[in-house]
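*Asks:* Next one to model:
(4 chains)
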4 protein chains.
Amino acid sequence: MDVEWTIGANDGGVARIRRDLHAHPELGYLEYRTAAKAASHLTRLGYGVKVGPDVMVAIEMLGAPTAAAVETARSAALAEGAPAEWVERMPNGQTGVVAELKRGAGPVLAFRFDMDALPIQETASAAHRPNQEGYRSRHDGVMHACAHDAHTAIGLAVAERLAHPAARWQGTLKLIFQPAEEAGRGAHPMVQAGVVDDVDHFFAGHLGCSVPSGTVAAEARGFLFARRSDAIFHGVAAHAAASPQAGSNALLAGATAALGLHAISRHAGAVTHVNVGRMVAGAGRNIIADHCLLQLEVRGDSQASLAFMNRRAEEVLAGAAVMHGCTLETKLMGQNVGAPNSAEAADIVAAVAGRTDGVDTVLPWHTMDGCDDATTMIRRVQERGGSGVYFIIGSDIANVHHAIDFDIDEAALDRGVRIFAGIAETVLAPR
Amino acid sequence: MDVEWTIGANDGGVARIRRDLHAHPELGYLEYRTAAKAASHLTRLGYGVKVGPDVMVAIEMLGAPTAAAVETARSAALAEGAPAEWVERMPNGQTGVVAELKRGAGPVLAFRFDMDALPIQETASAAHRPNQEGYRSRHDGVMHACAHDAHTAIGLAVAERLAHPAARWQGTLKLIFQPAEEAGRGAHPMVQAGVVDDVDHFFAGHLGCSVPSGTVAAEARGFLFARRSDAIFHGVAAHAAASPQAGSNALLAGATAALGLHAISRHAGAVTHVNVGRMVAGAGRNIIADHCLLQLEVRGDSQASLAFMNRRAEEVLAGAAVMHGCTLETKLMGQNVGAPNSAEAADIVAAVAGRTDGVDTVLPWHTMDGCDDATTMIRRVQERGGSGVYFIIGSDIANVHHAIDFDIDEAALDRGVRIFAGIAETVLAPR
Amino acid sequence: MDVEWTIGANDGGVARIRRDLHAHPELGYLEYRTAAKAASHLTRLGYGVKVGPDVMVAIEMLGAPTAAAVETARSAALAEGAPAEWVERMPNGQTGVVAELKRGAGPVLAFRFDMDALPIQETASAAHRPNQEGYRSRHDGVMHACAHDAHTAIGLAVAERLAHPAARWQGTLKLIFQPAEEAGRGAHPMVQAGVVDDVDHFFAGHLGCSVPSGTVAAEARGFLFARRSDAIFHGVAAHAAASPQAGSNALLAGATAALGLHAISRHAGAVTHVNVGRMVAGAGRNIIADHCLLQLEVRGDSQASLAFMNRRAEEVLAGAAVMHGCTLETKLMGQNVGAPNSAEAADIVAAVAGRTDGVDTVLPWHTMDGCDDATTMIRRVQERGGSGVYFIIGSDIANVHHAIDFDIDEAALDRGVRIFAGIAETVLAPR
Amino acid sequence: MDVEWTIGANDGGVARIRRDLHAHPELGYLEYRTAAKAASHLTRLGYGVKVGPDVMVAIEMLGAPTAAAVETARSAALAEGAPAEWVERMPNGQTGVVAELKRGAGPVLAFRFDMDALPIQETASAAHRPNQEGYRSRHDGVMHACAHDAHTAIGLAVAERLAHPAARWQGTLKLIFQPAEEAGRGAHPMVQAGVVDDVDHFFAGHLGCSVPSGTVAAEARGFLFARRSDAIFHGVAAHAAASPQAGSNALLAGATAALGLHAISRHAGAVTHVNVGRMVAGAGRNIIADHCLLQLEVRGDSQASLAFMNRRAEEVLAGAAVMHGCTLETKLMGQNVGAPNSAEAADIVAAVAGRTDGVDTVLPWHTMDGCDDATTMIRRVQERGGSGVYFIIGSDIANVHHAIDFDIDEAALDRGVRIFAGIAETVLAPR
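*Replies:* Residues are numbered from 1 along each chain as shown, chains lettered A, B, ... in the order given. Model prediction:
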């Protein structure tokens, strides 16, 4: 069930690693196989590797997994080939990995790659390439439907390429493999651990995002501010026929809230979003439901529009609880900030992409309706005097991100590797 | 973790068994520990015992459990002391047990006892006796909150008492231990297997039901017809911020349906009920939910009022799917019929109860707002010329049935045993 | 457009009056034509007639009409033949009429007849007899769909019959023509004016109610307690496209509340009802609605079950306001109490009905799922030592009460007259 | 109650007319007083004036008023000083007015001014200038809350100024006073009547729109495509307590639809809006509502995004009807198209505004989140080879458009007159 991760020259190794990752997707903070194998591989390549508490502050992990979930994930990872010595060094879902290589004096350059998958059941459709070619997710209900498998594979290939003696660069190279990007959770505890405090130049990229194969967008704009939370309605259980009037129906509170949340007014002057992505209520058919969990998020294109959405969401939740005689508990589970890209960093991407084989179009920017908590890292780097940018490596996609038949164009993988490597050889060009 | 189930004379053994069952509750069709221990015990007492396919037709099991759920339940039962030789004979959730004892010529008398528990998390309150006295449920999220632990314990004690040489009766005694009474599922496949086809006299009883300790109601009236189903909305997943408009939101379809179902008009001329007891939708916070399960039931005091509720429920579900661009799948999961009790059988209960120690009041009938699929057995017995009744053994209760702090008055247990035994000695009185 | 209201012997006069009233229906507290014509007619027959403030306390009139509505109704009534001298004596919607006739010493007997119609648009169906025979409602959107036209016509015919010298009775006869029975409003201010304080025997009746022609039910049971209120959500208007986020949407608050109200749990131990019968929200299509009116009622078969419904309704309304950032205003608009009928009064109805021509069946009681605020009068009479009953005069009906094609069997009219007259000749039998 | 509409030189006459209009607001297609007084005034000034069927095709009037509403509006207008000879020439709500003045050969220049008010109750706040200075709306529930009073007043002042012998222009001047701009109804039947078919240059403007006093935006961008419709749910009435189960509840269908419509997913790639601005359901408190009207609109920034919203709205409405056993009727009530402004026309606005006294800032464009069916006229003019633009005359406003305390800065009125006049003297500059 395991795959050799060495890449070698021009042998399609990036795709092989990506497919191995695709077949073994892991949810945020539970990327034990991915992170441990990456840590081991990077060590083998000569990088100094830090993981776990050294690169993540536990108390800053919003939406951290339960001990039981961690335990299950660790066991599964070990059973699927994760090196035990690295798994052991990642307690509590602290699955971040930071690899550093130093070649003489020079600036510090950081690349960020994200590793987590999504709680999605991959399609069984015969038209879906992972099904055709045998690398469909082996983890029921979990899927790499947002290309993080590709990102991690690119990161490992970039690591190998730049570790090669022939690579021409001088300074410090820092490769950050981040867990739990989905829902905006993993960057914050890494930033709090100081992971980017010494970084002069920061780059993160994403495949796809409606940018076609062969095109690169030097800058992703339109990053949204987001707030993710769990709302739990607590009601009172009762027999559904013998004494329904004695109950307080948390399921109806949740249903009312879900409708009310999605009915929050559009904003004429701002981009806003709301989603209740998951709802779980009640214990059994003939019992008035005494609990209901809503997993929700609101977004806005500014702190102000996010605040509008959040205020309205709080009203909706509070009112729904009152309506159905329930109490309401809410927990903050993740946050994203928007970020201004640094013009100089975007210029570097544009220049490198322009001379990269296989890239035929370079867009100055592309609007991305979404979030990526790499922005949290960019903000910190900028606050400390550095520069940062988030760019897009075009890839044709089979369906929109997060769809059950999402798939990328693997031809984009090598292009991605060449661009990151090119950025390193530009930013860290030997003087 | 195991308890000796022999009872002996006047030693509180019924309560001991009941507490053992209370501590090890099992959901419907998954009562492996309960059923296997009961089968073993009844065999030891000298009964001829049939289980599994011999007493249940698999194809008639509505809402049958998945193979995985069965496997988990069997392993857990074995780990908690269930005799393997009996567990092996109960494939596919066929956990019914029928014990028969024959003493000469005479009519066939059947008692029905139900064994299943509910998907409820038992309260952690220190005021709850199972917490005070150490027999709280050891199965997370499962609880005997409807007294079936008491029913099964009574049935085993009755079996022991009537198997004793001193017991005065003649004819055939049949003890039916039924799985999956909740949601009206277990009686039907047992009836289809012919379990009550030779029965002349049928009795089933329930503890509690708002009848106080010391009182017996010779007949429970007001049984409702019920229809239980699962509704699954299938939508289309999409990224909640990048392309929400590409999704079809099954969670909103489900929320709309839940509200619409509970808003079905009351019926001026009939007792009706509706409940969506469980709802599970969506995979993740930032994904438009592509599926939503509703577990629901409708009830009515006649076939006509049930049909009204069912027709309205179907309209609500169909419309909610259209509203949100989803498709709808529904599965019938259980059914109950109402039943007229046989006057002669009720008279026997009243007579026996009237001379039972500890019973100070005998009501001719008590109205029960609920269902019990013992009515399916009563109907069959009556169709074939026999008589049947469902009666209530009073017990003070700590809170309404299905509440997280439901508890019975254990003083009712011995009274229950004496009443069932008295019925046997009356109906099967030696000629 | 007017009709002679004298009746004469056996000439179908009751039906003629009933059809005149059917063609000129008037809403509660606006029965100016009906009440003024009745007052005039009763005076002509020799009764002492009191109206307006003499029989109704203005401040006790819940849901009283606006001055503009009163003015419109008075003008319309005058234009349709209402005698001005009586209209003038009925300010503020005080349209009650009490006619008294005294013949020597004896007890005081009161009959109650209700006069108001409903805000329903009568069907245009050719199969509807009022359309076939030309007495369809001439008032757009108003209809006698609950037989009050018949009740008033019967009352006037009874008045004529008992005023005849040949009528054999002794004592005091009091005929109460009550406005605004629908929504439980008109009885209370009449009771407060002392209208029934001297009454020894009280009788009120209703046609139809699922009791067929030829049958009389001596007692209507199952009267519900009811509470009627208006809820007004106040929001903030804004342009629906330029700045929807600046609005607070009262229409959505109202829609959420309406669904939540209808989804209030059924009560296993009680008959309950809830209805939002009218909702009016918003000013225009492209404006966020800044107001929403809900006209609602809750009912229960006891003070306790009514209190349950009312408490839940208040929670729903309050929560819906919070959900949508609105404020909530509520106004009590009407109330009904249940009432125990007096056995002796029911016995008189049964005896009289049993010897009335055209009555072939007398039921001891019939359950009526509804309200009639005659119960407020019965309660007061009983409190002061008298007796009272509400009975049902059977009539086949074309559809359920309040349907757009409701119609009665006019053959029931004369039977009704004979029963009321028979009651008078029994209760006030000359000694 | 009437006001002299002649303006004279520099005497504040525009504000006087605007205040007269503000005090007498009229809803769309019912602007009888406004249109008839304008027609009379323009005739007096020497314009050739056409009204009614000559400038509007009746059959093309979406959302036309009922005959009763027209009759009421005409009577009211006559009572408030509308000249009868003009009112008579405007049957069926055909209240459009087109005034033409020709001075020698030259191009045809058209200006569009809108006349209708909104169904809004003006605030009673003492801080509101119309209350302070006595020109508050005298029409209950109707208000000029979108500055059309100002537009019409400017149009009349422009007419007077350009009719003056001293005005320097040559060609044909066409002043279009359009009814029913709100909800996008009035332009279409005027276009169908050929009103702009000969126009070479077309200009329309709006006061306010978040552009401050002293600023002019040469072009309004962001016009939305819109579709306005009425949805009527037809159910079945029944008595709310005696037989609610016999009803089909149209009010609940409407409430469910309203929530579902507002919960239509935001679109990540487009600006969209939805509003149910008005809802009217049911007849009375104790009757199951048998009808429910929703007045709604959907908008999008392209035909495609409008089509998305419309498809979803249709699904929601159809599904809500199914859910509650109702039938659904829908009527198209109005439509708007977006329009590209003509660059040359915008350049003229910018040039004229730049040299107009009181204008200190000229913006090339301003985004307006809304609609104006002047775009229907612009499209037609462009299709036939002409040019057109919609521009914004800045005015500080007291609150957002359509708010109950909306008010303009009257200093903007004279600026508006000067700009329109300046445009005429530029476009129609004598050769």
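*Asks:* Going by C-alpha atoms from here, please, whenever you check contacts or count neighbours.
*Replies:* OK.
*Asks:* Flag the shaky bits of chain A, pLDDT-wise.
*Replies:* Filtered on pLDDT under 70, chain A yields the residue ranges A:1-12, A:369.
*Asks:* The longest helix along it near chain D anywhere?
*Replies:* The longest helix of chain A (DSSP state H) is helix A:303-323. No - counting by Cα under 8 Å from any Cα of the partner chain, chain D is not contacted by helix A:303-323; separation bottoms out at 13.1 Å.
*Asks:* tell me which residues in the next helix or strand after that helix are buried?
*Replies:* On the C-terminal side of helix A:303-323, the closest following helix or strand by DSSP states H and E is strand A:327-336. Buried residues in strand A:327-336, defined by neighbour count with 16 or more other Cα atoms under 10 Å in any protein chain shown: A:327-328, A:333-336.
*Asks:* quick one: the residue in the stretch 51-200 of chain A positioned nearest to chain C from A:L332, how far?
*Replies:* Closest to chain C within the stretch 51-200 of chain A is A:A183: 25.4 Å, counting by Cα to the nearest Cα. Distance of A:A183 to A:L332, given as Cα to Cα, to the nearest Å: 11 Å.
*Asks:* show me where the stretch 151-300 of chain A has strands.
*Replies:* All strands of the stretch 151-300 of chain A, identified by DSSP state E, counting those that start in this stretch, fall at A:171-178, A:201-207, A:215-217, A:220-223, A:225-234, A:272-281, A:291-300.
*Asks:* any chance of those strands in a markdown table, plus mean neighbour count and distance to chain C?
*Replies:* As requested, the strands of the stretch 151-300 of chain A are exported to a markdown table (neighbours: other Cα atoms under 10 Å in any protein chain shown; distance: least, Cα to the nearest Cα, whole Å):
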| stretch | mean neighbour count | distance to chain C |
| --- | --- | --- |
| strand A:171-178 | 24 | 36 |
| strand A:201-207 | 24 | 33 |
| strand A:215-217 | 26 | 32 |
| strand A:220-223 | 22 | 20 |
| strand A:225-234 | 25 | 14 |
| strand A:272-281 | 27 | 11 |
| strand A:291-300 | 26 | 13 |
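*Asks:* do you know which of the ones you listed lies nearest A:E26?
*Replies:* Nearest to A:E26, of all those, is strand A:171-178, at 12.7 Å by Cα to Cα.
*Asks:* what angle sits between the closest one and strand A:201-207?
*Replies:* On the basis of axes from the mean of the first three to the mean of the last three Cα atoms, to 10 degrees, strand A:171-178 is oriented at 40 degrees to strand A:201-207.
*Asks:* How about A:R228: what's its closest non-neighbour residue?
*Replies:* Excluding the flanking residues, the one nearest A:R228 by Cα to Cα, 6 or more residues apart in numbering or on different chains is A:E297, at 4.2 Å.
*Asks:* The one you found and chain D: what is the separation?
*Replies:* A:E297 is 14 Å from chain D, where distance means Cα to the nearest Cα, to the nearest Å.
*Asks:* residues in contact with the residue of the stretch 51-200 of chain A at minimum distance from chain D?
*Replies:* For the stretch 51-200 of chain A, the residue closest to chain D is A:C146, as judged by Cα to the nearest Cα, at 17.1 Å. By Cα atoms under 8 Å, 6 or more residues apart in numbering or on different chains, the contact list for A:C146 reads A:117-118, A:401-402, A:406.
*Asks:* So which of those residues belong to helices?
*Replies:* Within the contacts of A:C146, no residue falls in helices by DSSP H.
*Asks:* For chain B, tell me which of those residues show up nearby.
*Replies:* Contacts with chain B within the contacts of A:C146, counted by Cα under 8 Å from any Cα: A:118, A:401-402.
*Asks:* A:Q132 touches A:S125, doesn't it?
*Replies:* No - counting by Cα atoms under 8 Å, A:S125 is not a contact partner of A:Q132; they are 9.1 Å apart.
*Asks:* Of the buried residues of strand A:327-336, which is the nearest to chain D?
*Replies:* Each of the buried residues of strand A:327-336 was scored against chain D by Cα to the nearest Cα, and A:N336 proved nearest at 17.7 Å.
*Asks:* partners of that closest one in the sheet?
*Replies:* With DSSP bridges as the criterion, A:N336 is bridged to A:A226.
*Asks:* Contact partners for the residue positioned nearest the centre of chain A?
*Replies:* For chain A, A:E181 is the residue whose C-alpha lies nearest the centre (Cα atoms, centre = their mean; 2.4 Å). By Cα under 8 Å, 6+ apart, the contact list for A:E181 reads A:28, A:114-116, A:187, A:372-373.
*Asks:* could I get the strands of the stretch 151-300 of chain A as CSV with distance to B:L261?
*Replies:* Below are those laid out as CSV (distance: least, Cα to Cα, whole Å):
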stretch, distance to B:L261
strand A:171-178, 45
strand A:201-207, 44
strand A:215-217, 49
strand A:220-223, 40
strand A:225-234, 20
strand A:272-281, 16
strand A:291-300, 17
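*Asks:* coming back round to it: please identify which pair of the buried residues of strand A:327-336 lies farthest apart.
*Replies:* Greatest spatial distance in the buried residues of strand A:327-336: A:T327 and A:N336, 27.7 Å, computed using Cα to Cα.
*Asks:* hmm, back to that, any idea how far the residue of the stretch 51-200 of chain A closest to chain C lies from D:G52?
*Replies:* As defined by Cα to Cα, A:A183 lies at a distance of 60 Å from D:G52.
*Asks:* With A:L207 instead?
*Replies:* A:L207 sits 61 Å away from D:G52, going by Cα to Cα.
*Asks:* What are the contacting residues of the helix or strand hosting A:A150?
*Replies:* Here A:A150 sits within helix A:148-163, counting by DSSP H and E. Contact partners of helix A:148-163, identified using Cα under 8 Å, 6+ apart, comprise A:7, A:14-15, A:17-19, A:21-22, A:25, A:38, A:42, A:45-46, A:101, A:113-117, A:167, A:175, A:177, A:205-207, A:413-414, A:416-418, A:420-421.
*Asks:* 7 Å instead?
*Replies:* Applying Cα atoms under 7 Å, 6 or more residues apart in numbering or on different chains, the contact partners of helix A:148-163 are A:7, A:14, A:17-18, A:21-22, A:45, A:113-117, A:167, A:413, A:416-417, A:420-421.
*Asks:* Narrow the residues you listed to those in helices?
*Replies:* Checked against DSSP H, the contacts of helix A:148-163 include these in helices: A:14, A:17-18, A:21-22, A:45, A:413, A:416-417, A:420-421.
*Asks:* Would you mind getting the angle between the helix holding A:A150 and strand A:171-178?
*Replies:* Angle of helix A:148-163 versus strand A:171-178, following the same axes, to 10 degrees, is 160 degrees.
*Asks:* can you pull the contacts of the closest residue to chain D within chain A?
*Replies:* Ranked by Cα to the nearest Cα, the top residue of chain A for proximity to chain D is A:A263, at 4.0 Å. Contacts for A:A263 (Cα under 7 Å, 6+ apart) come out as D:259, D:262-263.
*Asks:* CA atoms only for stretch A:393-406 - export them in PDB, please.
*Replies:* This file holds the C-alpha atoms of stretch A:393-406, laid out as PDB (Å, rounded to 0.1, in the frame of the first residue of the first chain):
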ATOM      1  CA  ILE A 393      -0.800  27.900 -10.900                       C
ATOM      2  CA  GLY A 394      -3.300  27.200 -13.600                       C
ATOM      3  CA  SER A 395      -4.800  23.800 -13.900                       C
ATOM      4  CA  ASP A 396      -7.800  22.600 -15.800                       C
ATOM      5  CA  ILE A 397     -10.100  21.000 -13.300                       C
ATOM      6  CA  ALA A 398     -12.800  18.400 -13.800                       C
ATOM      7  CA  ASN A 399     -15.300  20.200 -11.600                       C
ATOM      8  CA  VAL A 400     -15.300  23.000  -9.100                       C
ATOM      9  CA  HIS A 401     -13.200  22.700  -5.900                       C
ATOM     10  CA  HIS A 402     -14.900  20.600  -3.200                       C
ATOM     11  CA  ALA A 403     -17.000  18.700  -5.700                       C
ATOM     12  CA  ILE A 404     -17.000  14.900  -5.400                       C
ATOM     13  CA  ASP A 405     -15.400  14.600  -8.800                       C
ATOM     14  CA  PHE A 406     -12.900  17.300  -8.500                       C
END
